[in-house]
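Q: Got a predicted model here, sequence first, then my questions.
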Amino acid sequence: MQTNLSERARSLPRAEEADEILRSCVHCGFCNATCPTYQLLGNELDGPRGRIYLIKQLLEGEPATEKTQQHLDRCLTCRNCETTCPSGVRYHALLDIGRAELEQRLERPMRERVLRRGLQHVVPRTNVFGALLAAGRAVRPLLPSALSEKIPAAQTPAKPRPAVRHTRRMLMLEGCVQPSLSPNTNAAAARVLDHLGISISIVHVPQAGCCGSTEYHLNAQQAGLERARRNIDAWWPAVEAGIEAIVQTASGCGAFVKEYGELLRDDPRYAAKAQRISELTRDLVEVLADEDLDGLQIKGQQRLAFHCPCTLQHAQKLGGSVERVLQRFGFSLTAVPDGHLCCGSAGTYSITQPELSKRLRDNKLAALESGQPDVIATANIGCQTHLGGAARTPVRHWIEIVEDALATASATRSRE
Ligand code: SF4
Ligand code: SF4
């Protein structure tokens, strides 16, 4: 595609990158076929090709309009279009650039500004989020159903974590909302890894926690990058001490931390460290896939439907990995039609775009439940909470299901 960036756009820090991405799009439209919002709304401007065109117009000096903002806001950032695109267009990076520019040029209505600022301030702060969640649960019975169904029910409390006793050591991102919404997920991961001879080193640094993606994707991009720098500082002593990997149990965080190197490449103080952190970052399934799992003697009994988060399959390109690990443990997996489509969670999308999000969730649940599974398994706290919010088939992180089966196997062995 030919481009002619405006003088203002040419002065942006990522102007060259935007120009290169725009030029790589040949406008074929193949990507529309797998775009969830295009499928729901049938409007070219609610598909990737149309959005690329809107960003091109914006960067070529056309006026910033509410219409453009609406179509860009409706994008889930699911990156399904990138998986489909035969030309390798880096759509998500262009969207980041386009959204940031639009945010500079067009003020949002007061209601949206308040909502977005609230999300930026609450979601990444584990203690604030946890306190609000606890308060919400306390008054849940008094709330109208439209509000009460947005407050997730309490999940399995965290089991104890094993002591740090192995020479093989990894770090684990604690995350921001996961400790409150699904407190046992990281504990379950640590317990399974302990059985595989891997200890999780603990990093007690209050500033570290949220990966930064929530702020970054709400267009507070500098705040998101600042969080990335804080995590790098917090993890660096352990990196220098020789940890083997930084494990992520939430695929949304993993996808973002794997991008630290790319996002901070122009920061002279952090570029090299960020690159190293990204190289060390592994989704939990990547760690397990490389281990000898037979020794755990797990005999999975349940029928599972696996929902593969977009951040696992489209961003990290790890589609099918969790399914293979679950099958190695003996679980039977039900077929899930249209497994490539987003569930509608997409970070804070379920709050900023509730109607579209709910339609996507209903479609996804129908697909997941079509094989009548006992449990829906997934790999990202956002998807887990969003799908679980419908209060239909139970939804859990896959590692908790594996850890339950491991505890059963260990108990059976100790009785024999
Ligand atoms: S993003 Fe890729 S698939 Fe979509 S129109 Fe451009 S080149 Fe074609
Ligand atoms: S990221 Fe997802 S919602 Fe956005 S344009 Fe691509 S496929 Fe469509």
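A: Ah, there it is. Numbers count the residues shown, from 1 in each chain. Ligands and ions are numbered 1, 2, ... in the order given.
Q: so which helix or strand takes in residue 306?
A: Assigned by DSSP states H and E, residue 306 belongs to strand 303-307.
Q: how about the helices of the stretch 51-200 of the chain, start to end?
A: Assigned by DSSP state H, counting those that start in this stretch, the stretch 51-200 of the chain shows helices spanning 66-73, 80-84, 91-105, 110-122, 126-139, 145-148, 178-181, 184-195.
Q: so which of those comes closest to ligand 2?
A: Nearest of the helices of the stretch 51-200 of the chain to ligand 2, taken as CB to the nearest ligand atom: helix 80-84 at 3.4 Å. (C-beta placed from N, C-alpha, C; glycine too.)
Q: All the strands of the stretch 301-416 of the chain, residue numbers only.
A: Shown for the stretch 301-416 of the chain, the strands assigned by DSSP state E, counting those that start in this stretch span residues 303-307, 332-333, 375-378, 395-397.
Q: mind giving me JSON lines with those strands and columns for distance to residue 284?
A: Formatted as JSON lines, those follow (distance: least, CB to CB, whole Å):
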{"stretch": "strand 303-307", "distance to residue 284": "14"}
{"stretch": "strand 332-333", "distance to residue 284": "18"}
{"stretch": "strand 375-378", "distance to residue 284": "12"}
{"stretch": "strand 395-397", "distance to residue 284": "9"}
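Q: Compare those and give me the one nearest residue 281.
A: Proximity to residue 281, assessed across the strands of the stretch 301-416 of the chain by CB to CB, is greatest for strand 395-397 (18.1 Å).
Q: Neighbouring strands of that closest one in the sheet, and parallel or not?
A: Using DSSP bridges, the strands paired with strand 395-397 are strand 375-378 (parallel).
Q: Point me to the residue of the stretch 101-250 of the chain nearest ligand 2.
A: residue 217 (11.3 Å).
Q: The residue most central in space within the chain: what secondary structure?
A: For the chain, residue 252 is the residue whose C-alpha lies nearest the centre (CA atoms, centre = their mean; 1.7 Å). Secondary structure state of residue 252, per DSSP: H, G, I helix; E, B strand; the rest coil, is helix.
Q: Test my guess that it contacts residue 382.
A: Yes - using CB atoms under 8 Å, residue 252 is in contact with residue 382, at 5.7 Å.
Q: follow-up on the earlier one: export the strands of the stretch 301-416 of the chain as TSV, with columns for distance to residue 184, mean pLDDT and mean neighbour count.
A: Formatted as TSV, the strands of the stretch 301-416 of the chain follow (distance: least, CB to CB, whole Å; pLDDT from 0 to 100; neighbours: other CB atoms under 10 Å):
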stretch	distance to residue 184	mean pLDDT	mean neighbour count
strand 303-307	17	98	22
strand 332-333	22	98	16
strand 375-378	14	98	24
strand 395-397	8	96	24
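Q: Now do the same contact list for the residue of the stretch 301-416 of the chain at minimum distance from ligand 1.
A: Using CB to the nearest ligand atom, the closest approach of the stretch 301-416 of the chain to ligand 1 is made by residue 314 at 13.3 Å. Residues near residue 314 by CB atoms under 8 Å, 6 or more residues apart in numbering: 78-80, 82-83, 340.
Q: Determine which two of those are furthest apart.
A: 82 and 340 (11.6 Å).
Q: Have a look at the two and say which one is more surrounded.
A: Shown here are residue 82 and residue 340; by other CB atoms under 10 Å, residue 82 has more neighbours (19 against 16).
Q: wait, doesn't that one sit right on residue 89?
A: Yes - contact criterion CB under 8 Å: residue 82 and residue 89 qualify, at 7.0 Å.
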